[in-house]
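Q: Got a sequence here, can you build the structure:
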Amino acid sequence: MGNTEVRGLAARAGGWSARHRWAAVGIWVLFVVLAMGLGSAAGRVDVEESDQLKGETHTAARIIDDAGIEEPAGETVLIQSKSGAVKATSGEFRAAVADVVKAVDGTGKVTDVTSPYDTHTISRDGRSALVQFDVRGDAETAADRIEPVLDAVAAVQKEHGSLRIEEIGGASMQKQYKDAFGNDFQKAEYSAVPVALGILLIAFGALVAALLPVALAITAIMATMGLMGIVSHLQPMSDTANSVMLLVGMAVGVDYCLFYLRREREERAAGRDASTALRIAAATSGRAIVVSGVTVCVAMAGMLFTGLAEFEAMGLASLMVVAVAMVGSVTVLPALLSLLGERVEKGRLPFLRRRRRQHGTDGGSRFWTAVLRGVLAKPLVSVLVAAGVLLAIAAPALGMKTQQLTLDQEFGDSLPIVQTYNRINDAFPGGSEPAQVVVKAKDINAPAVRQALADFKKEAIASGASRGPVDIRLHDAQNVALVSVPLVGGSDMDKATESLEKLRDEVRPATLGKVDGVQAPVTGQVAGNHDFNDQLMGSVVPVFAFVVVFAFLLMLLSFRSLTIAITSIVLNLLSVAAAYGILVAVFQHGWGASLVGAEGVGAIVTWLPLFLFVILFGLSMDYHVFVVSRIREARLRGRDTKDAIRHGVVTTAGVVTSAAVIMVAVFAIFGTLSMQSMKQMGVGLAAAVLIDATVIRGVLLPAVMALLGERNWYLPRWLHRLPDLTHDEAPEAIARPVREEGERLTV
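A: Sure, this is the predicted structure:
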């Protein structure tokens with residue numbers, strides 16, 4: 001401890017920034033402006049639908065793209081007798097069909113309008129029929145042109161009171177989503193900032209101190225948005241990746257500043273001058289931020305191993321925003337604190353100031369002091385009780401069922417279009433989400449190919465995979481045929497998947513598979529969900545292994561303790577498992593589901609478990625590294641292990657609680673959205689962070705460390721050759737005058 005030179009990347013970066021304040025701020029502002037400018041100039045390349053998945057779905061999309069076939073947005077009008085008394089054969093029903101055909105065709109916005117009497121799209125009970133057509137122009141922008149068609153259908157409905165006349169399709173669904181939920185997600189994103197600011201005001205009791213973390217988080221997010229545009233030319237991005245980046249960026253950006261700022265304030269409250277307090281914060285909290293940030297980045301990088309374009313985009317975007325927030329926290333933040341000095345306390349809230357004086361300024365927490373007294377008095381009992389409770393919470397996860405949510409699962413019955421979707425599925429099982437077989441041949445009109453297509457059409461129905469009608473569209477010039485097959489099972493994904501597997505494994509090999517040179521991948525909504533699930537399940541082991549192994553190595557190198565590395569991984573896994581259990585209990589089994597508006601979902605959306613694991617494993621390290629760093633610092637200053645644990649947990653309780661409240665509040669906002677998948681994400685993240693900051697960090701971690709005693713710092717002799725990344729400095733050493741040349745080492 002006699003070495004007075006500032007050691008460690010974070011300490012040197014903080015020291016340089018504090019001495020070159022305007023340069024550090026200027027470089028940061030220039031970086032943010034340049035990143036945004038270059039990103040805007042480069043434009044963002046988004047993930048193409050054909051690249052979303054590998055396997056058959058990808059092959060089918062590639063065949064269609066390479067052939068230059070523009071698939072228009074398809075729309076369907078359901079005409080159905082409300083009472084069942086009016087049949088499709090009646091004059092009234094025929095008149096309604098004719099009116100619908102005339103009305104939609106008369107808008108000039110559609111093409112290929114077909115009557116159910118020509119296509120035989122009449123239900124078995126004779127009370128429902130479908131008028132089908134395509135929207136002119138680009139399918140991606142069809143929602144912007146569909147309103148006149150919807151108005152025309154609504155006008156026909158008014159003229160036929162005994163019939164139900166409703167429209168559904170890709171364009172109309174997209175429009176309804178926009179109208180009902182278009183601003184929903186955006187509002188949640190925007191509300192995250194004032195929520196975080198409000199909590200920080202309470203935590204700091206001063207406006208300027210509260211604004212700093214929010215400002216740094218926002219600038220980190222802005223810079224990352226620009227970087228995403230540049231990087232997207234190598235790895236395409238998406239709107240989902242953008243939203244996840246904002247979520248993660250706000251969480252870690254505020255957290256990192258909170259850690260740094262609270263330590264600097266604590267040292268000043270203890271009587272240090274501003275310069276010394278800043279040096280201590282840089283060497284302690286700054287180092288914890290770097291360790292935590294690198295660990296989070298590693299966890300996010302795990303998503304790159306899924307092979308799924310959307311996950312790769314989310315992983316890379318999250319990784320970038322964490323890296324930018326981490327760099328900003330250890331560079332521009334010390335510069336701003338040095339510039340502001342005592343002015344960081346400007347805008348004080350009188351009530352909170354009085355309360356702070358009453359509670360003291362030592363950073364301690366009466367509540368956690370009391371909790372710690374009991375935990376450290378009986379650590380074994382505390383471990384057994386806390387671990388038992390978390391394992392009980394995690395137990396429902398053993399029966400987790402994952403699937404892509406259907407329209408009615410995702411939105412419930414709140415949208416009229418969902419009711420239409422259900423009615424069509426009841427009358428025409430599989431009709432709203434048919435499988436599509438993309439047949440590519442050297443000559444699509446060759447007799448053998450035409451015969452195989454006819455056989456496929458017949459066998460698809462004979463096998464029980466479909467009840468028909470099977471529609472075949474030939475594209476002679478491209479030698480491609482598109483075969484639409486309504487699947488038995490409809491919106492019941494399990495039954496529809498069984499029908500899909502019959503098509504792929506039985507019907508196709510017996511028909512199209514017998515013709516040499518023919519490709520016939522099966523795609524569609526059900527096939528895409530099935531392939532996505534298979535690919536995601538195949539990537540679980542490599543992603544889990546990558547994240548756990550690298551997080552273990554980082555903790556081992558950062559704390560030079562095999563015990564701490566192992567306990568870190570075990571506690572984080574327990575936290576994630578408990579979050580899984582809550583998700584399954586609420587959204588799959590419906591326990592307390594009405595509290596979050598999640599009745600009747602019955603499953604966890606496919607992508608969420610892996611996504612939650614990666615995000616939570618990364619974010620959990622924030623608190624863990626911060627608390628353990630403080631415990632280790634106290635231990636190195638000569639306290640015994642139990643006293644170091646008490647000091648570390650109690651003095652970090654305030655900042656961890658504030659950080660956790662912000663994270664829980666931001667994530668909970670997403671739990672209020674109308675989409676069930678977003679609810680699941682918000683509830684899962686909020687529950688895990690709450691568990692992590694309370695039960696894990698406040699009870700299990702200190703209890704386990706108290707049981708282990710001096711074994712917490714155990715490092716086998718054969719591991720002593722590992723690189724030393726600890727770079728610890730006790731405040732007493734840092735507080736001494738520092739040689740200028742020592743601080744001027746290259747960062």
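
Q: OK, contacts around the residue lying closest to His120 once chain neighbours are set aside?
A: Spatially, and ignoring its direct neighbours in sequence, His120 is nearest to Pro469 (5.4 Å; Cβ to Cβ, 6 or more residues apart in numbering). C-beta here means a position set from N, CA and C on the backbone, and glycine is covered the same way. Applying Cβ atoms under 8 Å, 6 or more residues apart in numbering, we find Pro469 in contact with 119-121, 486.

Q: filter those residues to the buried ones?
A: 121, 486 (16 or more other Cβ atoms under 10 Å).

Q: shaky segments in the stretch 601-747 of the chain?
A: Residue ranges of the stretch 601-747 of the chain with pLDDT under 70: 724-747.

Q: mind running it again at 80?
A: Applying pLDDT under 80 to the stretch 601-747 of the chain flags residues 621-622, 654, 670-675, 720-747.

Q: so where do the helices sit in it?
A: With DSSP state H, counting those that start in this stretch as the criterion, the stretch 601-747 of the chain has helices at 608-636, 641-670, 676-691, 701-708, 731-735, 740-743.

Q: Make CSV from the ones you listed and add mean neighbour count to it.
A: Formatted as CSV, those follow (neighbours: other Cβ atoms under 10 Å):
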stretch, mean neighbour count
helix 608-636, 25
helix 641-670, 23
helix 676-691, 24
helix 701-708, 22
helix 731-735, 18
helix 740-743, 12
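
Q: Can you lay out those helices as CSV showing distance to Met326?
A: CSV is the format used below for the helices of the stretch 601-747 of the chain (distance: least, Cβ to Cβ, whole Å):
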stretch, distance to Met326
helix 608-636, 11
helix 641-670, 15
helix 676-691, 19
helix 701-708, 23
helix 731-735, 21
helix 740-743, 21
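
Q: among the ones you listed, which is nearest Met555?
A: Comparing these by their distance to Met555 (Cβ to Cβ), the top pick is helix 608-636, with 8.0 Å.

Q: how close does the residue lying closest to Phe411 once chain neighbours are set aside get to Ser674?
A: Ranked by Cβ to Cβ, 6+ apart and with sequence neighbours excluded, the top spatial neighbour of Phe411 is Val418, at 5.4 Å. Val418 sits 11 Å away from Ser674 when distances are taken as Cβ to Cβ, to the nearest Å.

Q: Those two: who's more crowded?
A: More neighbours surround Val418 than the other of Val418 and Ser674, with 20 against 17 (other Cβ atoms under 10 Å).

Q: buried residues in whatever helix or strand that one lives in?
A: If you go by DSSP states H and E, Val418 is part of helix 416-427. Buried residues in helix 416-427, counted by 16+ other Cβ under 10 Å: 417-418, 420-425, 427.

Q: Also stretch 520-531?
A: 520-531.

Q: Can you give the contact residues for the helix or strand harbouring Lys158?
A: If you go by DSSP H and E, Lys158 is part of helix 147-159. Residues outside helix 147-159 that contact it (Cβ under 8 Å, 6+ apart) are 75, 77, 96, 99-100, 103-104, 106-107, 109-110, 135, 163-167, 172, 175.

Q: Whichever strand or helix holds Cys257 versus helix 676-691: what angle between them?
A: For Cys257, the host element (DSSP H and E) is helix 239-269. Angle, helix 239-269 to helix 676-691, by axes from the mean of the first three to the mean of the last three Cα atoms, to 10 degrees: 20 degrees.

Q: ok and the next helix or strand after helix 239-269 relative to helix 239-269, angle-wise?
A: Downstream of helix 239-269, the next assigned helix or strand under DSSP H and E is helix 274-283. Following the same axes, to 10 degrees, one obtains 140 degrees for the angle between helix 274-283 and helix 239-269.

Q: what's helix 274-283 packed up against?
A: Packed against helix 274-283, as judged by 3 or more Cβ pairs under 8 Å, 6 or more residues apart in numbering; DSSP states H and E, are the following elements: helix 9-19, helix 239-269, helix 309-340, helix 731-735.

Q: helices or strands up against the third one?
A: Under the contact criterion of 3+ Cβ pairs under 8 Å, 6+ apart, helix 309-340 touches helix 9-19, helix 21-42, helix 207-231, helix 239-269, helix 274-283, helix 285-301, helix 608-636.

Q: rerun at 7 Å
A: Secondary-structure packing of helix 309-340 (3 or more Cβ pairs under 7 Å, 6 or more residues apart in numbering; DSSP states H and E): helix 9-19, helix 21-42, helix 207-231, helix 239-269, helix 274-283, helix 285-301.

Q: Check the second one too.
A: For helix 239-269, the contact count by 3+ Cβ pairs under 7 Å, 6+ apart identifies helix 184-204, helix 207-231, helix 274-283, helix 285-301, helix 309-340, helix 608-636, helix 641-670 as packing neighbours.

Q: Sketch out the low-pLDDT regions of the stretch 201-350 of the chain for me.
A: Using pLDDT under 80, the flagged stretches of the stretch 201-350 of the chain are 202-206, 239-240, 243, 307, 341-342, 344-350.

Q: again, 70 this time
A: Applying pLDDT under 70 to the stretch 201-350 of the chain picks out residues 350.

Q: again with the stretch 451-600 of the chain
A: Across the stretch 451-600 of the chain, the ranges flagged by pLDDT under 70 are 490-491, 600.

Q: can you give me the helices in it?
A: 493-502, 508-510, 525-559, 562-583.

Q: Which of those has the highest mean neighbour count?
A: The highest mean neighbour count among the helices of the stretch 451-600 of the chain, using mean count of other Cβ atoms under 10 Å, belongs to helix 562-583: a mean of 21.

Q: got a list of contacts for that one?
A: In this structure, residues lying in contact with helix 562-583 by Cβ atoms under 7 Å, 6 or more residues apart in numbering are 390, 393-397, 400, 548, 551-552, 555-556, 559, 604, 609, 612-613, 616-617, 620, 624, 628, 680, 683-684, 687-688, 691-692, 696, 700-701, 704, 708, 711-712, 714-716, 719.

Q: nearest spatial neighbour of the residue nearest the centre of the chain, skipping sequence neighbours?
A: With distances taken as Cα atoms, centre = their mean, Val244 lies nearest the centre of the chain, 5.1 Å away. Distances taken as Cβ to Cβ, 6+ apart put Met314 closest to Val244, at 4.8 Å, once the chain neighbours are dropped.

Q: residue contacts, that neighbour?
A: Contacts here follow Cβ under 7 Å, 6+ apart; on that basis Met314 touches 240-241, 244, 303.

Q: May I see these organised as TSV, with distance to Phe667 added?
A: TSV is the format used below for these (distance: Cβ to Cβ, whole Å):
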residue	distance to Phe667
Thr240	16
Ala241	17
Val244	12
Met303	18
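
Q: these two touch, right, Gln525 and Pro434?
A: No - with contact defined as Cβ atoms under 7 Å, Gln525 does not reach Pro434; the gap is 8.3 Å.

Q: Could you double-check that Leu722 sits in contact with Met555?
A: No - assessed by Cβ under 7 Å, Leu722 is found out of contact with Met555, at 11.9 Å.

Q: Columns distance to Cys257 on top of the helices and strands packed on helix 239-269, output as a markdown table?
A: What follows is the helices and strands packed on helix 239-269, written out as a markdown table (distance: least, Cβ to Cβ, whole Å):
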| stretch | distance to Cys257 |
| --- | --- |
| helix 184-204 | 9 |
| helix 207-231 | 3 |
| helix 274-283 | 11 |
| helix 285-301 | 9 |
| helix 309-340 | 6 |
| helix 608-636 | 12 |
| helix 641-670 | 10 |
